[in-house]
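In: Coordinates only, no sequence provided:
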């Protein structure tokens, strides 16, 4: 199925993020014609930018390419449940459909915590499909944080 | 008082944003020594970037200047209650104190809606001081949206 292929690309971005020492989350933005217009992994450390989550990076790139602050009809694939910052940006950008992988009880803002799309205040709510390729997405994060803890212990 | 001067600068940025046709919100970032390290107004239209809120712009600029994704001990002054995206970014950046002007029942995410800082999930909660220069900040927004409605009616 098509969305598996897009999520595979998001997973590739998550693996590349891990290789850079970033939290392994990847995102892919797809335009209404089904073309990938942006893909990114987290770059908060590299860019010294706490807003440089994968989702924000693809939204910013997609908006710049479309020369618009809104992306109606676009789909966003991300390996982890977006945090409240990213969920709000997804709503502001009018993304049509959000597909995500692993749940994030610690920092997620869709099915946990602030539950951004569940407030009457939320002006645009995307269709949300969760649990897609959740196992490999969660495994990447587990590996990353296990290695990080081991590194901290030995360092 | 010092914080009035910083909020005055944030109001100047809000007025400049309005003059550019942007929603009139301004922000000023102050480092632990009391120096203004970044000031900005909204630029979502100009930059075709739905994340280009005043708060995000000063956090990104401040982090780039500090070469860090965290700004402990920094203060943020903003003319309007931050939205959930900005509130989450403020928490992620570890901003120490948030001073804001007008309440935003429609899109705010501090005292309304998602109430980002009120969840157990929120890893860093800044000190929050609201209602500072709220009247002129709210008046700027009222003027802007009144003119916009008139423009839409005549356009």
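Out: Arrived safely. Because the structure is predicted, anything quoted here is derived from the model rather than measured.
In: what residue is smack in the middle of chain A?
Out: When Cα atoms, centre = their mean is applied to chain A, the residue found nearest the centroid is residue A:78 (3.6 Å).
In: Check which helices and strands the host helix or strand of residue A:144 sits against.
Out: Residue A:144 belongs to helix A:134-154 when elements are defined using DSSP states H and E. Counting contacts by 3 or more Cβ pairs under 8 Å, 6 or more residues apart in numbering or on different chains; DSSP states H and E, helix A:134-154 packs against helix A:2-19, strand A:75-80, strand A:97-102. For the C-beta atoms, the positions are set from N, CA and C on the backbone; glycine is no exception.
In: what about the first one and chain B, any contact?
Out: No. Using Cβ under 8 Å from any Cβ of the partner chain, we find that helix A:2-19 stays clear of chain B, coming within 14.2 Å at best.
In: Identify the residues contacting whatever helix or strand comes next after that helix?
Out: Next in sequence after helix A:2-19, counting helices and strands by DSSP H and E, comes strand A:26-30. For strand A:26-30, contacts defined as Cβ atoms under 8 Å, 6 or more residues apart in numbering or on different chains pick out A:6-7, A:9-17, A:36-42, A:54-55, A:57-59, A:61-62, A:71, A:74-79.
In: So for residue B:126, which of the helices and strands packed on helix A:134-154 sits nearest?
Out: strand A:75-80 (24.8 Å; Cβ to Cβ).
In: interface residues of chain A facing chain B?
Out: Residues of chain A lying near chain B (Cβ under 8 Å from any Cβ): A:44-45, A:47-51, A:56, A:59-60, A:63-64, A:66-70, A:83-89, A:92-93, A:106-107, A:109, A:112-116, A:119-123.
In: Could you rerun that using 7 Å?
Out: Neighbours of chain B within chain A, by Cβ under 7 Å from any Cβ of the partner chain: A:44-45, A:48-51, A:56, A:59-60, A:63-64, A:67-70, A:83-85, A:88-89, A:92-93, A:106-107, A:112-114, A:116, A:119, A:121.
In: quick one: low-confidence ranges for chain A?
Out: Applying pLDDT under 70 to chain A flags the ranges A:1-4, A:154-155.
In: that older thread, buried ones among the contacts of strand A:26-30?
Out: Among the contacts of strand A:26-30, those classed as buried by 16 or more other Cβ atoms under 10 Å in any protein chain shown are A:6-7, A:9-11, A:13-17, A:36-42, A:54-55, A:57-59, A:61-62, A:71, A:74-79.
In: tell me the contacts of residue A:129?
Out: A:97, A:99 (Cβ atoms under 7 Å, 6 or more residues apart in numbering or on different chains).
In: is it possible to export the helices and strands packed on helix A:134-154 to TSV including distance to residue B:142?
Out: Shown next, in TSV, are those (distance: least, Cβ to Cβ, whole Å):
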stretch	distance to residue B:142
helix A:2-19	42
strand A:75-80	34
strand A:97-102	34
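In: So which of those is nearest residue B:131?
Out: For residue B:131, the closest of the helices and strands packed on helix A:134-154 is strand A:97-102, at 35.1 Å, according to Cβ to Cβ.
In: Strand partners (parallel or antiparallel) of that closest one?
Out: The strands that strand A:97-102 pairs with in its sheet are strand A:75-80 (parallel), strand A:127-129 (parallel) (by DSSP bridges).
In: re earlier: and residue B:24, which of the helices and strands packed on helix A:134-154 is closest to it?
Out: Closest approach to residue B:24 among the helices and strands packed on helix A:134-154 (Cβ to Cβ): strand A:75-80, 29.4 Å.
In: what's the distance between residue A:22 and residue A:143?
Out: Distance, residue A:22 to residue A:143, using Cβ to Cβ, to the nearest Å: 13 Å.
In: So which of those two has more stuff around it?
Out: residue A:22 (22 against 13; other Cβ atoms under 10 Å in any protein chain shown).
In: That one - nearest residue in space that isn't next to it in sequence?
Out: Spatially, and ignoring its direct neighbours in sequence, residue A:22 is nearest to residue A:42 (4.2 Å; Cβ to Cβ, 6 or more residues apart in numbering or on different chains).
In: Hmm, that neighbour is touching residue A:23, no?
Out: Yes. Here residue A:42 lies in contact with residue A:23, judged by Cβ atoms under 7 Å, at a distance of 5.0 Å.
In: what residues are up against residue A:77?
Out: Contacts for residue A:77 (Cβ under 7 Å, 6+ apart) come out as A:3, A:6-7, A:10, A:27-28, A:99.
In: let's see 6 Å
Out: Residues near residue A:77 by Cβ atoms under 6 Å, 6 or more residues apart in numbering or on different chains: A:6-7, A:10, A:28, A:99.
In: Generate a markdown table for these, with distance to residue A:128 as supplementary columns.
Out: As requested, those are arranged in a markdown table below (distance: Cβ to Cβ, whole Å):
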| residue | distance to residue A:128 |
| --- | --- |
| A:6 | 15 |
| A:7 | 14 |
| A:10 | 15 |
| A:28 | 16 |
| A:99 | 8 |
